[in-house]
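>>> Got a predicted structure here, sequence first:
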Amino acid sequence: MVLLAGGVPLGAADSLAVHLDGDYLRVSLPHVDFLKGKPLDRLKDGASVAFIGKISITLSPNSLNSVTQAVARFAMSYDIWEERFSVTKFQSPENKRPIAHLTEQAAENWCLDNLVIDRGLLPPDKPFYVQLEWRAEDPKDQLGVIGDPGINLTRLVEYLGRPPRSPEERRLYNAGPFRLADLKKSEVRAVRG
Amino acid sequence: MPFAMRYLVFGLLVISISSSHLRADEAFLRQAAESNVNQRYVIESVSLAGIELDQLPASRLPKTLRSRLQGLVGAQCDVAMLDDLSAQIRRELHLRTVSEHLLRGSAPGRIRVNFEVVRRDLFFDISLPRFLYHSKQGWTGELDASTRFRQNDLKIGVVSNGDDLTERFTGIAARYDSAPLGSEKIRAGVTLEDYHEQWNQETRNALAGSDLDLYRSRWNVAPEITFAVARPLTVSVGASFTQTASESPAVGSQATNAATLDVHYGHRIEGDTVQQQIDGKYSLRVATHALGSTYAYARHLITARYEAKAGRQTFSDEFTGGSITGEAPFFDRFVLGSSSTLRGWDRYEIDPLGGSRVAHNEVTYGYRFGARTVEGFYDAGALWQSDRPATLRHSLGVGYKQGIFVMSMAFPVRSGRLEAVFMAGMNY
């Protein structure tokens, strides 16, 4: 079952597909392309880029109150000699899953494939909406507004004067309504996430 | 309390924004850097703004920073360390942004690192290094403009301080710190201060029968030279020339000219499970008629601090002891009942004139939840005059700390009534 989705606030015309995979709800996009613009430039410069993905289940479209949600954290880097991507999923400080030698498309798909929500947490008898948020984080020292010397007002002014976060750094997709009983089921795969 | 309530709401708002689920915390960003796939490569060269380190003039880069950058060459690429160095370069060279770029080296497995820089429109920083709201004392704060040129630091600030002394002082303070003088271990500095004083009515009432003078303004110039004797030990020697203008026209202007000595010891012990920090400071001021001073006295102050961190827990103990022989003006007398000593007590109830002897101990236990720390503290101290007996006082309190922001509630321990003092601020 493929349903309509809209990129918010970007207005990207991507379709967010939702299906059940064993005990998990998974999402997919026909064209995963969050690796572009500034985050991709930073990766090609050899830096690490932290991504945070979140799936939220709500009872009304664009609602801020979620019934349940799942958050996954990924660290990505680009091997400047091999020209391949490496991704690590951080589940906890002690528990991380790395994978390397990926193409750009494979790295994006691996991240999305590792962002799931437990089926048991979905509303069993109410229609619900699915929201996918994908966000690249700024390097920690980019701002330097607050630190040991206190609040640096010059940097605060510079920060407020910066152009808004570029669309490549935050992407939002919505889809729904769905009913649990109507969702398409795929073959049971190994448990991920 | 309405100001305190407003501040509390503001604090909670800041905390709620910063704890948003989708905000990457510093630990995660560091983990991301540490998982970088390029860490297996060896750095063959380092450049700043495209210029190789050995081509950069000595005046463009502080020696310690240069040696840290040179230390990268031949080592494995540590991306978290490169992030830290970018931050250090940005801070020390007053740049807008610094970011590291990795480039292929001359052979497979080798890389070059270039720190790209973006310069700033302004050549100085304006910062708010410290502020405090105290429900009994009101506001204390400082606003600074600072700049650096060829490793010389200059800072000019406006200050209103109702926390450190018996009186509230408001005015301008400037500080100059020179580049290393010949050796990295020797630096010179000079402080200039020009303050206007405001006196509490309880101090005025207690003044009868005392030789102390209430001054309406205070001006000070204090040159000093600092020697880094060894890595954990620095010694500063200098002088302080203070002029006070009395409220009484009959007294007029008075001088407090003193020789100064400060010795600071700091040592960090990194263990597998426990990190410890030991700090000690001894400060001496000797004012003498030989230097043209109206007052003649010697002021000794010792501070010793121990801190241990293990996992989520933090413990610290800080002792302060001081003694004045002779008659010191108000600004050099000891005070208890501030934001860091006998918290919760009213300083004017302890002694509205300040004291010539002080002993104080502060014990703090903290438990960390992510970036936040909840603390409990116990203060005990006595402030007295050499010819009078000392009274030991106690206070207890709880605090909440996130980064440099702190909120705390302190309770003086005494019979009869329970009266809490609320404090909120930054870097105090």
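Noted; the coordinates are in hand. Nothing here was measured: the structure is a model prediction, and the numbers come from that model.

>>> So B:Glu202, which state does it fall into?
Recorded secondary structure, B:Glu202: helix (DSSP: H, G, I helix; E, B strand; the rest coil).

>>> Tell me the first helix or strand C-terminal of the strand ranked longest in chain B.
If you go by DSSP state E, chain B has its longest strand at strand B:253-270. Counting by DSSP states H and E, the next helix or strand C-terminal to strand B:253-270 is strand B:274-287.

>>> downstream neighbour of that following strand in the secondary structure list?
Heading C-terminal from strand B:274-287 (DSSP H and E), you reach strand B:297-310.

>>> OK, contacts around whichever residue of the stretch 301-428 of chain B sits closest to chain A?
Going by CB to the nearest CB, chain A is nearest to B:Asn427 of the stretch 301-428 of chain B, at 5.5 Å. Every residue, glycine included, has its C-beta placed from N, CA and C. Contacts for B:Asn427 were tallied using CB atoms under 8 Å, 6 or more residues apart in numbering or on different chains; they are A:Asp148, A:Gly150, B:Pro129, B:Arg130, B:Ile404.

>>> run the last query once more with 7 Å
A:Gly150, B:Pro129, B:Arg130, B:Ile404 (CB atoms under 7 Å, 6 or more residues apart in numbering or on different chains).

>>> between the residues you listed, which is closest to A:Phe85?
A:Phe85 has its nearest neighbour among the contacts of B:Asn427 in B:Ile404, at 36.5 Å by CB to CB.

>>> What count of nearby residues applies to B:Arg417?
6 (other CB atoms under 10 Å in any protein chain shown).

>>> Contact residues of chain A facing chain B?
A:45-48, A:50, A:52, A:54, A:71, A:73, A:75, A:77, A:79-81, A:86, A:88, A:90, A:98, A:100, A:133, A:135, A:137, A:139-142, A:144, A:146, A:149-154, A:158 (CB under 7 Å from any CB of the partner chain).

>>> buried ones in the helix or strand harbouring A:Gln69?
In this assignment (DSSP H and E), A:Gln69 forms part of strand A:68-79. Buried residues in strand A:68-79, counted by 16 or more other CB atoms under 10 Å in any protein chain shown: A:Thr68, A:Ala70, A:Ala72, A:Arg73, A:Phe74, A:Ala75, A:Met76, A:Ser77, A:Tyr78, A:Asp79.

>>> Buried ones in whichever helix or strand comes after that strand, by neighbour count?
Counting by DSSP H and E, the element after strand A:68-79 in chain order, helix or strand, is strand A:84-92. Buried residues in strand A:84-92, counted by 16+ other CB under 10 Å: A:Arg84, A:Phe85, A:Ser86, A:Val87, A:Thr88, A:Lys89, A:Phe90.

>>> what packs against strand A:84-92?
strand A:68-79, strand A:95-102, helix A:104-113 (3 or more CB pairs under 7 Å, 6 or more residues apart in numbering or on different chains; DSSP states H and E).

>>> picking that back up, which one of the buried residues of strand A:68-79 is nearest to chain B?
Among these, A:Ala75 lies closest to chain B (CB to the nearest CB), at 3.4 Å.

>>> mind listing the helices for the chain?
By default, I'm working from chain A. For chain A, the helices defined by DSSP state H occupy A:37-44, A:104-113, A:153-160.

>>> could you do chain B instead?
Using DSSP H, helices in chain B cover B:2-18, B:26-34, B:63-70, B:79-92, B:201-206, B:347-350.

>>> hey, least reliable of the ones you listed by pLDDT?
Confidence, taken as mean pLDDT, is least for helix B:2-18 of these (a mean of 49).

>>> Look up which residues are beta-bridged to A:Phe85.
A:Tyr78, A:Leu102 (DSSP bridges).

>>> shaky segments in the chain?
Chain wasn't specified; assuming chain A. Scanning chain A for pLDDT under 70 picks out A:1-14, A:92-95, A:138-144, A:147-148, A:159-169, A:184-193.

>>> Hmm, no, I was thinking of chain B.
Along chain B, the model assigns pLDDT under 70 to residues B:1-26, B:121-123, B:416.

>>> List, one by one, the residues from it near chain A.
Counting by CB under 7 Å from any CB, chain B sits next to chain A at B:21-22, B:24, B:26, B:28-29, B:31-33, B:35-38, B:79, B:83, B:86-87, B:90, B:96-97, B:100-102, B:104, B:108, B:111, B:122, B:125-130, B:403-404, B:426-427.

>>> Out of the residues of chain A next to chain B, which end up buried?
A:45-48, A:50, A:52, A:54, A:73, A:75, A:77, A:79-81, A:86, A:88, A:90, A:133, A:135, A:137, A:139-142, A:144, A:146, A:149-154, A:158.

>>> for whichever residue of chain A sits closest to chain B, what are its contacts?
Ranked by CB to the nearest CB, the top residue of chain A for proximity to chain B is A:Gly46, at 2.7 Å. Counting by CB under 7 Å, 6+ apart, A:Gly46 touches A:Tyr78, A:Ile80, B:Asn38, B:His101, B:Leu102.

>>> if I look at the first one, how far off is A:Asp113?
In this structure, A:Tyr78 lies at 20 Å from A:Asp113, with CB to CB, to the nearest Å as the measure.

>>> quick one: which of the contacts of B:Asn427 sit in strands?
Going by DSSP E, the strands hold A:Gly150, B:Pro129, B:Arg130 from these.

>>> So the first one sits against B:Asp125, correct?
When you say that, I think you mean A:Gly150. No - using CB atoms under 7 Å, A:Gly150 is not in contact with B:Asp125, being 10.4 Å away.

>>> give me every residue that touches the closest residue to B:Ile156 other than its chain neighbours.
Of all residues not flanking B:Ile156 in the chain, B:Ala174 sits nearest, at 4.6 Å (CB to CB, 6 or more residues apart in numbering or on different chains). By CB under 7 Å, 6+ apart, the contact set of B:Ala174 is B:Lys155, B:Ile156, B:Leu192.

>>> Buried among the residues you listed? Need that as a selection in PyMOL.
With 16+ other CB under 10 Å as the burial test, the buried ones among the contacts of B:Ala174 are selected in PyMOL as follows:
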select buried, chain B and resi 155+156
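
>>> backbone phi and psi for residue 179, please?
Using chain A here. For A:Arg179, the backbone dihedrals (degrees, to the nearest 10) come out as phi -120, psi 140.

>>> hmm, I had chain B in mind actually
phi -70, psi 160.

>>> quick one: contacts for it?
Applying CB under 7 Å, 6+ apart, the residues near B:Ala179 are B:Arg150, B:Gln151, B:Asn152.

>>> Now do the last one against A:Ala47, distance only.
Look at B:Asn152 and A:Ala47: by CB to CB, they are 33 Å apart.

>>> what about the residue nearest to B:Ile156, distance to chain A?
Distance of B:Ala174 to chain A, computed by CB to the nearest CB, to the nearest Å: 16 Å.

>>> Nothing else from me, thank you.
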